[in-house]
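Novice: how would this look folded up:
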Amino acid sequence: MRQWFALKCVAILGVLGLLAACAQSPQILSVQPKVSGGFPHTGSGQTVTLNVVDGRDDNVIGTRSGTASATSTITVEAHDVIPKLQAQAENALRSMGFNPTTQESGGPSLTLTLSELDYARGSADEPLLGASQLQAIITAKVENGSNTYTGRYTAKRKQSYAFKPDWDTNNRMVSELLSSALDRTFRDQQLANLLAR
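Specialist: Model (predicted):
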């Protein structure tokens, strides 16, 4: 009887340990940023050379535990996110009246750099809750003839939780964060005006 009880306790502890390990397992996100529209319509069919690049130091954007633990990393791979940002930037430019291309056209050019994408521990507003602080920064550089314009667009989000967010929740939050940064970028009237000049 005593052995059976001991085995049962070991099994329960093993299951709890496995659940804890799963709760803190690494997450590789597959974000889906989307521009929402409502951008200045300044274009009249001009071709704009568009280039989207990753300016981050690392694909790891943070950890679920808030500490530098390799078992709880959150990753957004450049080869996954950059083409998606490129596609959404093209959609934004088309809605503004431009014709985006990746080929050098001799006309205006726009380079977008994903400068920062961070997922850090935040401070919760209520006791017994955890919180995450997310930030995305996109830098835009427009060149049109001898004129240059640079803008920096920041999106922030704070999320409180009782249980650490799962993959779906984190994927949605980071997707929405990147969407907000893109929207801020293309709503910049000065950027739109220089592209159209």
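Novice: When you work out contacts or count neighbours from here on, use the C-alpha atoms and nothing else.
Specialist: Fine.
Novice: middle-most residue in the chain, spatially?
Specialist: Residue closest to the mean C-alpha point of the chain, counted by C-alpha atoms, centre = their mean, is Leu178 at 4.0 Å.
Novice: what about the protein, any weak spots by pLDDT?
Specialist: 1-24, 65-70, 125-128 (pLDDT under 70).
Novice: Okay, strands next: where are they in it?
Specialist: In the chain, the strands defined using DSSP state E lie at 27-28, 47-54, 60-63, 73-75, 99-101, 109-121, 130-144, 147-161.
Novice: Who are the packing partners of the first one?
Specialist: Yep, that's strand 27-28 we're talking about. Other helices and strands packing on strand 27-28, by 3 or more C-alpha pairs under 8 Å, 6 or more residues apart in numbering; DSSP states H and E, are strand 73-75.
Novice: One more pass at 10 Å, please.
Specialist: Judged by 3 or more C-alpha pairs under 10 Å, 6 or more residues apart in numbering; DSSP states H and E, the packing partners of strand 27-28 are strand 60-63, strand 73-75, helix 167-186.
Novice: now swap in the second one and tell me
Specialist: Packed against strand 47-54 by the contact rule (3+ C-alpha pairs under 10 Å, 6+ apart) you find helix 78-95, strand 99-101, strand 109-121, strand 130-144, helix 189-196.
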